[in-house]
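A.B. asks: build me a model from this:
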Amino acid sequence: MSAIRNETTPKLWLNAHAFAEHVLCAGRNLAWENEIEFAAQYKRLAGIVQADRLSIPLMGFLDNWLLRNSHVLPSMAGKNRVRFAVKRLLTNSALREELTQLVSACCAMVDAEVVLEIPSNTALISWAHLRANPNAHLDPLSDVDIDSTSVYLADTVRQLKHTGIAGIVATVAEQDIAASALLEHYQPLINVAENYRWLFAFRKPIAAINGFSAGKWHCLGDDRASDADDLKSLPADFWREATPHPATQGGMWYYSELPAFVEPEVVRGTIAKLKLHS
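C.D. replies: As a prediction, the model looks like this:
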């Protein structure tokens, strides 16, 4: 992890793994099974996008790990409690060791801050339960499910304390809000971040979703849900060549989800204009 080079220019935080898969992997998945190759891919990504901070999606790792370790599925199955499968998965010692190795390698090799992007709690619960119990009926989830899963996730990311990671991001999706998710249900994750002096933020993939307040924490994709004023989320069409560039401010953070199908030359040019307009 490197320090920010120039505090007088805007600072850029990118969610760019879809772009990385398209540009660096010819549409294939990132090399989740090989921490050195994965870190090299993110190093190349950082060289292309020149971002100050990059997100690693935990869901990509979990999905790949479970495909390679399907023998653990029986240990996740057979219980009515919908949270059982995700708990068994996240507490697996082999999974935690591989995740730690991957994040450590990435932090050591990438010339940018690295943060872990955690999937929506409800999406994670549903995915794990149905992978372990393919024919199961999934009842509507509740705030208790969200709160309990935050505890499991907090214990998992705590294992990353010596990796050099800069922070964690908790995703809040429509299903979480339907399950009455509140800021307090993510307190276990916030506590871990504060204890290790990591940054913490929320992410809302669809800004139109109402009913969630991030309080003092940034809410990537929906700045209106946050009281913080030192980060601005850029719209998806920001990366179109004809889109006017907003006036930017030195020292401010700008967050964007980089679409997969954007030419690297367009990305470089757009970022250069973003930093030039400060």
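A.B. asks: just the terminal-to-terminal distance for stretch 214-232.
C.D. replies: Its first and final residues considered, stretch 214-232 spans 14 Å by Cα to Cα, to the nearest Å.
A.B. asks: so how far is it off the chain centroid?
C.D. replies: The chain centroid and the centroid of stretch 214-232 are separated by 16 Å under Cα atoms, centre = their mean, to the nearest Å.
A.B. asks: please identify the buried residues of that stretch?
C.D. replies: Burial within stretch 214-232, assessed by neighbour count using 16 or more other Cβ atoms under 10 Å, is assigned to 214, 217, 218, 219, 220, 221, 222, 223, 225, 226, 231, 232. Every C-beta, even on glycine, is put in place using the N, C-alpha and C of the backbone.
A.B. asks: try stretch 181-190
C.D. replies: 181, 182, 183, 185, 186, 188, 189, 190.
A.B. asks: I'd like these written out as a markdown table, with secondary structure, pLDDT and distance to residue 102 added.
C.D. replies: Shown next, in a markdown table, are those (DSSP: H, G, I helix; E, B strand; the rest coil; pLDDT from 0 to 100; distance: Cβ to Cβ, whole Å):
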| residue | secondary structure | pLDDT | distance to residue 102 |
| --- | --- | --- | --- |
| 181 | coil | 95 | 28 |
| 182 | coil | 96 | 31 |
| 183 | helix | 97 | 29 |
| 185 | helix | 98 | 27 |
| 186 | helix | 98 | 23 |
| 188 | helix | 98 | 22 |
| 189 | helix | 98 | 19 |
| 190 | helix | 98 | 24 |
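A.B. asks: now residue 176. Nearest residue, chain neighbours left out?
C.D. replies: Take residue 176 and drop its neighbours on the chain: the residue closest to it by Cβ to Cβ, 6 or more residues apart in numbering is residue 122, 5.0 Å away.
A.B. asks: I'd guess residue 115 is in a strand, am I close?
C.D. replies: Yes. Per DSSP: H, G, I helix; E, B strand; the rest coil, residue 115 lies within a strand segment.
A.B. asks: any idea which helix or strand carries the residue nearest to residue 176?
C.D. replies: helix 121-132 (DSSP states H and E).
A.B. asks: and whatever helix or strand comes next after that helix, what does it pack onto?
C.D. replies: Where DSSP H and E defines the elements, the next helix or strand beyond helix 121-132 is helix 143-157. For helix 143-157, the packing partners by 3 or more Cβ pairs under 8 Å, 6 or more residues apart in numbering; DSSP states H and E come out as helix 84-90, strand 113-118, helix 121-132, strand 167-171, helix 187-195.
A.B. asks: format these as a markdown table; extra columns: distance to residue 139.
C.D. replies: Below are the helices and strands packed on helix 143-157 laid out as a markdown table (distance: least, Cβ to Cβ, whole Å):
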| stretch | distance to residue 139 |
| --- | --- |
| helix 84-90 | 13 |
| strand 113-118 | 23 |
| helix 121-132 | 10 |
| strand 167-171 | 22 |
| helix 187-195 | 23 |
